[in-house]
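*Asks:* can't give you the sequence, but here's the structure:
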């Protein structure tokens with residue numbers, strides 16, 4: 001039997017969820033996703049979700065993600081949109097298939113908002129037959145750098161633009177002459193490409209990365225890290241997001 005205290009907590013919790021607006025969801029989110037289905041299952045897989053304002057419509061946000069459950073990167077001609085239902089405390093990920101002949105059809109997946117505090121959100125989808133459950137537990141990313149040591153001497157400045165497609169500029173500040181290496185790594189820690197290796201005089205430099213690997217092949221959308229090395233020591237790291 002619910003007590004008055006439980007009812008009050010329920011009202012405060014769900015009332016706070018309804019206080020958010022669609023625009024509050026805009027930003028770059030990262031965390032984990034889990035899926036349980038008759039064909040594929042996984043738990044705690046790293047994922048990201050980029051939500052940005054739609055210049056054409058005010059009732060949805062444009063999104064992309066590395067989660068193939070909600071986003072299909074091969075359908076770059078399809079509109080991927082995100083909507084928020086305040087009344088039901090739900091969000092939806094949709095694809096609208098549009099051609100010069102008109103809209104061919106839409107697909108939507110609706111998630112219940114289990115928890116949301118403005119910086120972290122937990123979403124859950126359960127299919128009508130109950131056989132498939134997909135959840136997203138993600139937090140807003142600040143895209144800030146973190147520095148290992150000597151930030152005043154050697155550092156990577158924020159790359160711009162970020163997120164980017166197809167290329168980004170990477171500023172570098174050196175307070176002293178040195179042999180340095182600037183390299184890009186993927187989210188698994190594997191080397192993608194060396195941007196620069198060799199001696200540089202003190203000063204400011206700007207390198208660029210065009211989203212290709214050592215074979216000059218385009219890499220997939222996702223999270224990448226630009227690292228500055230002095231010798232074998234990592235001095236500075238920047239997180240970069242490549243969109244497709």
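*Replies:* The structure has been received and is ready for your questions. Worth saying up front: this structure is predicted, and the values here are computed from it rather than measured.

*Asks:* ok, what's across the strand from the residue nearest the centre of the chain?
*Replies:* Geometric centre of the chain, nearest residue: residue 48, 3.5 Å, by C-alpha atoms, centre = their mean. For residue 48, the beta-bridge partners under DSSP bridges are residue 30.

*Asks:* Skip ahead from the longest strand seen in the chain and say which helix or strand is next.
*Replies:* In the chain, taking DSSP state E as the definition, the longest strand is strand 102-116. Using DSSP states H and E, the helix or strand that follows strand 102-116 towards the C-terminus is strand 120-126.

*Asks:* Pull out the buried residues from that next one.
*Replies:* 121, 122, 123, 125 (16 or more other C-beta atoms under 10 Å). (C-beta placed from N, C-alpha, C; glycine too.)

*Asks:* Describe which strands it pairs with in its sheet and in which direction.
*Replies:* With DSSP bridges as the test, strand 120-126 pairs up with strand 102-116 (antiparallel), strand 133-140 (antiparallel).

*Asks:* any idea how far residue 169 is from residue 32?
*Replies:* 31 Å (C-beta to C-beta, to the nearest Å).

*Asks:* which parts of stretch 35-42 are buried?
*Replies:* Neighbour-count burial for stretch 35-42 [16+ other C-beta under 10 Å]: residue 35.

*Asks:* which residues sit against that stretch?
*Replies:* 33, 34, 45, 69, 131, 132, 133, 134, 135 (C-beta atoms under 8 Å, 6 or more residues apart in numbering).

*Asks:* end-to-end on it?
*Replies:* Start and end residues of stretch 35-42 are separated by 5 Å (C-alpha to C-alpha, to the nearest Å).

*Asks:* next one: stretch 205-218
*Replies:* 24 Å.

*Asks:* do the same with stretch 119-139
*Replies:* 6 Å.

*Asks:* shouldn't the residue nearest to the centre of the chain be in contact with residue 28?
*Replies:* Yes: when contacts are counted by C-beta atoms under 8 Å, residue 48 is listed as touching residue 28 (6.8 Å).

*Asks:* what do those two both touch?
*Replies:* 141, 241.

*Asks:* Report the beta-bridge partners for residue 242.
*Replies:* Bridge pairing for residue 242 - DSSP bridges - gives residue 164, residue 222.

*Asks:* Can you report how many residues neighbour the nearest residue to residue 109 once chain neighbours are set aside?
*Replies:* Distances taken as C-beta to C-beta, 6 or more residues apart in numbering place residue 93 nearest to residue 109, at 5.1 Å, with adjacent residues excluded. A count of neighbours around residue 93, defined by other C-beta atoms under 10 Å, yields 23.

*Asks:* ok, now residue 207?
*Replies:* For residue 207, using other C-beta under 10 Å, the count is 15.

*Asks:* For it, give its distance to residue 215.
*Replies:* 19 Å.

*Asks:* ok, now residue 112?
*Replies:* The value you get for residue 112 to residue 215, if C-beta to C-beta is used, is 43 Å.
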